[in-house]
Structures are given as structure tokens and as C-alpha cells.
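Colleague: model this:
(2 chains)
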Number of protein chains: 2
Amino acid sequence: MTTPLRIGIAGLGTVGLGVIRMLRDNADLVTSRAGRQIDVVAVSARDAQKNRGVDLSGVSWVTDARDMTERADISAIVEVIGGEGGISLDLAHKSLASGKHLITANKAMLAHHGTSLARLAEHHNVSVLCEAAVAGGIPIIKAFREGLAGNHIRALYGILNGTCNYILTEMRLSDRSFKDVLAEAQTKGYAESDPSFDIDGIDTGHKLCLLSSMAFGVMPQFSHMPITGISHLTPSDIQYAGELGYRIKLLGMAKCHDGKVWQKVMPCLVPSSSTLGNVEGVYNAVFYETDFAGQGMMSGRGAGADPTASAIVSDIIDLAQGKTRPLFGVSVDRLASASMIKPQEISSRFYMHLRVKDQAGVIAEISSILKDHHISIESMIQRGRNPDQAVSVVMITHETNESDMASAYAKMARLSFMASPPTQLMIKDIS
Amino acid sequence: MTTPLRIGIAGLGTVGLGVIRMLRDNADLVTSRAGRQIDVVAVSARDAQKNRGVDLSGVSWVTDARDMTERADISAIVEVIGGEGGISLDLAHKSLASGKHLITANKAMLAHHGTSLARLAEHHNVSVLCEAAVAGGIPIIKAFREGLAGNHIRALYGILNGTCNYILTEMRLSDRSFKDVLAEAQTKGYAESDPSFDIDGIDTGHKLCLLSSMAFGVMPQFSHMPITGISHLTPSDIQYAGELGYRIKLLGMAKCHDGKVWQKVMPCLVPSSSTLGNVEGVYNAVFYETDFAGQGMMSGRGAGADPTASAIVSDIIDLAQGKTRPLFGVSVDRLASASMIKPQEISSRFYMHLRVKDQAGVIAEISSILKDHHISIESMIQRGRNPDQAVSVVMITHETNESDMASAYAKMARLSFMASPPTQLMIKDIS
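Modeller: Next up is the predicted model:
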């Protein structure tokens, strides 16, 4: 057997501890798969005194993770500190520049700086591994880069944030408001005390950016991604969707056509009877369309100490065997700098929920705006009367393009009888 | 760029041609992922004259695939002839013994001879690759051997045969008999003219054998696997299952506990609202439980020229990069020779459909047999009367063990008032 692979772990939160636990609990299996022993030789965390419930005797402590990059006995660093820039980015640069492989769960950093980090890694002949950065328990990056390597991936639709999926599932099951369920999720530890990264869709956007880059072989492009979160959704939206045979899921969506790319994060209606529609609670899933393998889906746990550790340990095993791939599947000089598909070229059916004052002429005015934008209505739900108070009008459109829909939405939102901003969601009839 | 990887393709049926088409249509992508060119230098098929719609000029023809193993310009052979033994097995032996890698879609051969082929490959320092052998379009073997490499996989439940899943789905949607739908599937090309390998569960058994071996790190053991197919199922079984909130799926199931293994192929009830229950038509899926990554599922196309080609091409790319793994995830000397979990140790809820003559004392006699075997009933459906004719009694049991259930079943099947053999299915409440 060859020499052990010696690693340093930067960050001893739940994920870092999870990695240490998995490497210990499953040491025989890991050694047998990796063909060599994995040794954690150093860890970094601010407080060396804190009892973390894991025996760390014999492991070096460093206060500043970056000091690990100077140690000759470490050949790979596991970065589980987090954050787009700051110490994580600095550590990443220093690791790669000093010829150490980098294993990271940091989607924010990779979405923003992935291309330059991949280039730096190539220059120093080391690898960046990031299976943990997207849907931790689901080996989706390996599937895209390796398992489906000969396919052109045409489209992907991902439930990529467990917090949002948990909230949407609970709102449906218990008919409670977004705010109530978020508070509960925070109590249960499924949502951060500052949940904005999750509920505003930013985290989904980071993951979508990475996944679509790997799927399509294009440079990651996060800055212009249109992102809508879930905080504006009401229990009635979820009920109406249900009546129409759908569930609401926050999707990270991307398509690639003729070398052009479309990316969007938005709550969508997916069929209640679809595999994706039945991915509930904290579970994540990615549905994809390819040219040869056809359609497929992978689902599983997206976050948490153990699933994330599982992804990191699989990266460690690949690294120990010298079986890594370029960060984005191909070398940086082969990544395309794709232009974006225009909203005029994307068509979809849409769900609209308008809360309007119950007065004469409302439907006529809405219909007129829709007609001006070539949008036709497939079905409409309007129940009961509530003179001069707000009532709900729910409409499903026929296929229309994003651009027309956006213009019509802007006009409708300004109508004097609109009681609150309309809700507009895409309908994705994927199986 | 290094030298091309030169391969021979043994068998020019739809899959062999699919591989050639994919390598050509997606040549740029494949070369970029593989880091080198892939050249098909030889093909074998009985009839060299037949027009297959693919330009094969410049490719050597051999009549006997085994002749390829003597060519110095070929370093890997793609075997897509099929069949447990015969020419396929001979070709596999000769390929490996002559130092050529083997890429195969042949689950029957690997289920029966996998261990000896893996040993031969190790001895000659070459690889056996078989992503195409199980659920072609789904990179499940890569997920088990690499993506989840650090996990102990505890259990797996697979819809592994598209023909059976198509038949069961159509029986449900159109309320037709097994025989009618099978005939239709044969017309559509979804079922073979001799469908027994599929509908009797043998094909599912071969795939389960391979998957569970890779998942648990144990020698493949096909010979004693209990296998039940789907030909005895009636539209009323499917309807009753639906009323109870379930769909019937032919599952290949395996568990590993304390180093002991359980394997079984049997139609099962899975919740209608589960992700697995919504895998319909020709689609395949594998649901799994692991210690760190938790539960997950992968679904997609299991068979057909293109999805199978996708799997073979991903193997070719891994091979071109020198990034292959041992056939069963670890070297043969590390594979455990696991003993089997006894039926007494496996507990489940069961669905029973008894067709009994409508006469006095029937329920009393059945109840007495169940009581003798410590089986209690959770719910029962019995509708209408039909004096002295057959009526259906459907029962769901509480958790009971396989052994008690089998004994009770044998006794019930012999009852004089039983109009036809009872149907007994496992209930798998997996999400």
C-alpha cells in the first residue's frame, strides 16, 4: 500500500466534524476504496479549547487556516469555513499556489471565483474538488462530469435548497403562512437566523451557476442571473397550485441551446404526480435532460453534516486514487464563454395570482393587457364575490414568452384596482 | 494530446450502433472529456453486408469477435453481444487474458461469472467496466462505487426492468390485463418476443445481484436469489393497491446488516405519493439508504440504444483517462463472502389478495391460519356477495416476518375454497 494521503481541515463546524467522524467510523471502507490510508494531520478553528465531542489528540491545531498551506506534510486542504471571499478565498488561493489540492463545499466562492481558481489549480497541477458544494448527499457533480460525460446536457431543473423546500412543503401540509413556517424552521435548525441567502434564492443561484457550468461546459456566470425567492408566496398560492394538479418548488433552472445558455431561479409549478413534485421536506433533487441518456433525476439530502461529509469523503477518495477531473469537467481554456438566451426565446406556461378589488371592469382591463402582449388564458379560477374588497383571480396562460409575460406583469402590477403585487410563477410540466 | 484509445466493438445490434453514433455525433465533447481521441478500429457482426445506416468504411470487420483479442492495435473491447455464457464469456476471458480492457453491458454474464472475470482482470492488470449493465441511462454504478464511496450502503430498492415497469404502468392506466399489455409492449418493441427473462424477474435479479455486490462489497450471489415475476398480477391487484394508496412495482431489493445480506426480486406496493411510486413507464430507478448520505434516489432510462450507449461511452471516457475502478468497487480479495439474512429476520407488511368461494366459514379459517403464524391484520377489503362464486378478499398485514408469511401462504393456498392461487406482495413504505 502506498503512503497515506495527509489532509488538513479548515473549519471545525458541524461539517468539518462530520468529515472527521466519517473518516474514523468508516475507516476500513474508506481505506479499502481509496487504496491508501487517509490521515487528518491538522485542523483549524478559532477556539482550540471548545469541546466538540471528537477526540483530536494527535492532530495539529492551527488558529489561522492559511498556516496549513505552508506545511510540507499536507497535500490537500478541506475548506469548510464558507463565505464568498475573505479567509476562504485567501486560503483557496494559497492552497493551490502552494501545490495543495483543495476540497471545498463553498458554492458562493466557486460561483464567483470558480474560473480563476480552476485556472490557478491547472497552473500548479493540482485539483479543486467540490462535490459537497451542490446537493451534498447527491453525487450530481460526478454524474454530470463523469457518469453522463459523453452527453450534451440540454436542461436541468434543481430543487437545490433544503430550507426552501422544507418551508414550501410545510406550508402545503399545514396550510400555514411563510412567516410561521420559517420561524418553525429556524427553531428546528433547518433555517439560519438570517435566512435571506436561502429564502431569497441566492444559495440556489450559486449552486445553479456551478451545476450549469459543469453541465454545459461554459464559464460560470452568476452576476446576471435572474433570481426570485419564496418569501412572497402565500398559502393560497400553494392551495390553488394543488387544485390545478401542481406543487410549488423553488427551482434553479438552466438550458443550453446552440451554444447559448439560459439560467433562472424562480418558484415554479411542477406536477403533483411527477417525481420532482414528490421531492419533499429538506430533500434536494436535480432533474436533467440529455441527448443520449434522455431524462433523469437524482434526489437525496442536500445539506447537513453527514450528507456533506459523504460528498467530501468521496472527493478525498478520488483524490487519494489520483482520479480527479477538472473543476468544470474540461480544462478552463476549453470552457465556452456562452452568451445568454434572450427572454423572448424562452416560452412557458405561467401561473398568475392577482388580488384585485372586486369591482366592475377588472377582468376586462386585465384581459386587454394580456391581449396586447399576445398572452392567451388556458384556465381561470375566480370564486365568490366580495364587493369593494380584494378577491383572488388565478389564471394559467398558454405558452408565452418570458419577455411578453414580464411586460404584461409590469403593466398589471400598476393597475389601480390591484390590492397587492401579483404573483407570477412558471409552470414546468416535467415528469 | 496523447495517443488515441483504440477500441473494438463486438456486436452490431442497436446498442453497438448506438455507441458508434454517440462517439461520432458527440466526438468533440467526448475527446474533450477523455483528453484523447477515441477510435473504433474494428467491429464484429455475423453479416458484414447488412445496411445498418452507419458508415463503417475504414473500420475493420471481423466475423468472430474473439479475433479482435489478437490484434495489437486494440486496447479495449466493447462486448454488446449478450448472453450469460457462450461467445460473450469466451470473448471476455480472451480479452482480459490478452491484456485488453473489457466494457460490457452483459448483466447475465457478470451476475454468473463476475468474480472470476474480476480476478482475471486484476491478474492481467486491466479493467472490466459495466455501467451499461444496470439501468443504462442512470449512472448508478458510478454513484455506488465512487459518489457514495465512503458510505456503508444499507439497503437498495430498484425498478430495474423497463419492460415490467411499462406493463405495470399501462395495466394501471388502462385497466387492462397483463396479457393484453404484454402483447402491446411486444408490438411497440418494449418487450422481447420471448419476454420470460424480463417478466419472470430474471433480468431484474441479474442487475440486483451486481448492484448489491457493488453496494455492499460482497461476492455476487445469484444462484439462491428468490425471484417472483409479474405475470400473475391482475388489474384488480393494481386497483386494490391504488385504493390503499399504493402502486405495484417490480422491485429488486437488497439489504446488508452486520455483514449479512438479503436479496429478493418481487412485485411490491410502494406509496403512490413516493418518488419511487411515480417512476412510470419504461423508466428505471434505484432508491438507496446509506449511513452518512442518508436516503437517495436516481431515476432515468434503463434500456434502449441511446441510454445504453451513454453508459458505455462514459466507461470509455473513464478508461481513456485511466480512471477506472475495480469491478466491484474493491479488489476481489477484499470482497466478503457474505452469508444470507434468514427470512425469519426480515419483517414487512404484506398485501394479500385471496380469491375465495363465497361461503360460510371462509374468513374464520383464514383468520385461524394467520393467527397460528402470529400474523395480524391491519385492514381488509371485502365487497359485495356472490354466493358460491369467487369473491376477492384483500388484506394488509401488520409487520410480520417473511418466514411466517411464507408458511401461512402455503397453508392458505391449499384451502379447498381458494378459487385461484393467492397473491402476496411486500409493502415497502419508502419515500
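Colleague: Check the burial of A:Q221 by counting its neighbours.
Modeller: The tally of other residues near A:Q221 (other C-beta atoms under 10 Å in any protein chain shown) stands at 18. For the C-beta atoms, the positions are set from N, CA and C on the backbone; glycine is no exception.
Colleague: how about the residue nearest to it when sequence neighbours are not counted, what does it touch?
Modeller: Nearest residue to A:Q221 in three dimensions, chain neighbours excluded: A:C209, at 6.8 Å (C-beta to C-beta, 6 or more residues apart in numbering or on different chains). For A:C209, the contacting residues are A:K107, A:A111, A:P220, A:Q221, A:F222, A:M225, A:Q263, by C-beta atoms under 8 Å, 6 or more residues apart in numbering or on different chains.
Colleague: now with 10 Å?
Modeller: Contacts of A:C209 were listed using C-beta atoms under 10 Å, 6 or more residues apart in numbering or on different chains, and they are A:107-108, A:110-112, A:114, A:134, A:219-223, A:225, A:252, A:254, A:263, A:265.
Colleague: again, but for A:D203
Modeller: Taking C-beta under 10 Å, 6+ apart as the contact definition, A:D203 lies against A:107-108, A:111, A:160-164, A:192, A:195-197, A:229, A:250, A:252, A:265, A:302-303.
Colleague: Now the buried members of those.
Modeller: Neighbour counting with 16 or more other C-beta atoms under 10 Å in any protein chain shown marks A:107-108, A:111, A:160-164, A:195, A:197, A:229, A:250, A:252, A:265, A:302-303 as buried within the contacts of A:D203.
Colleague: which one among those residues gets closest to A:A419?
Modeller: Distances from the buried ones among the contacts of A:D203 to A:A419 were compared by C-beta to C-beta; the smallest belongs to A:G229, at 21.6 Å.
Colleague: Wait, the closest one touches A:N161, no?
Modeller: Yes. At 9.5 Å, A:G229 and A:N161 qualify as touching, with contact defined as C-beta atoms under 10 Å.
Colleague: Can you pull the residues that touch both of those two?
Modeller: Looking at what touches both A:G229 and A:N161 (by C-beta under 10 Å, 6+ apart), the common residues are A:F197, A:D198, A:I199, A:G201, A:I202, A:D203, A:T204, A:G205, A:L250, A:V265.
Colleague: Save the residues you listed as JSON lines, and put in pLDDT and secondary structure too.
Modeller: Putting the shared contacts of A:G229 and A:N161 into JSON lines (pLDDT from 0 to 100; DSSP: H, G, I helix; E, B strand; the rest coil) gives the following:
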{"residue": "A:F197", "pLDDT": "96", "secondary structure": "helix"}
{"residue": "A:D198", "pLDDT": "97", "secondary structure": "helix"}
{"residue": "A:I199", "pLDDT": "98", "secondary structure": "helix"}
{"residue": "A:G201", "pLDDT": "98", "secondary structure": "coil"}
{"residue": "A:I202", "pLDDT": "98", "secondary structure": "helix"}
{"residue": "A:D203", "pLDDT": "98", "secondary structure": "helix"}
{"residue": "A:T204", "pLDDT": "98", "secondary structure": "helix"}
{"residue": "A:G205", "pLDDT": "98", "secondary structure": "helix"}
{"residue": "A:L250", "pLDDT": "98", "secondary structure": "strand"}
{"residue": "A:V265", "pLDDT": "98", "secondary structure": "strand"}
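Colleague: Kindly indicate which of these lies nearest B:T397.
Modeller: Comparing the shared contacts of A:G229 and A:N161 against B:T397 with C-beta to C-beta places A:L250 closest, at 40.1 Å.
Colleague: Please determine how far A:L12 is located from A:K100.
Modeller: Taking C-beta to C-beta, to the nearest Å as the measure, A:L12 falls 19 Å from A:K100.
Colleague: Let me know the secondary structure of A:K249.
Modeller: Following DSSP: H, G, I helix; E, B strand; the rest coil, the label given to A:K249 is strand.
Colleague: That one contacts A:Y166, correct?
Modeller: No. Here A:K249 does not reach A:Y166: they are 11.6 Å apart, not a contact under C-beta under 10 Å.
Colleague: Neighbour count for these two, which is higher?
Modeller: A:K249 (27 against 22).
Colleague: ok, now which ones touch the more buried one?
Modeller: Listed by C-beta under 10 Å, 6+ apart, the contact partners of A:K249 are A:157-159, A:164-165, A:168-169, A:230, A:241, A:266-270, A:274, A:276-277, A:279-280, A:285, A:425, A:428.
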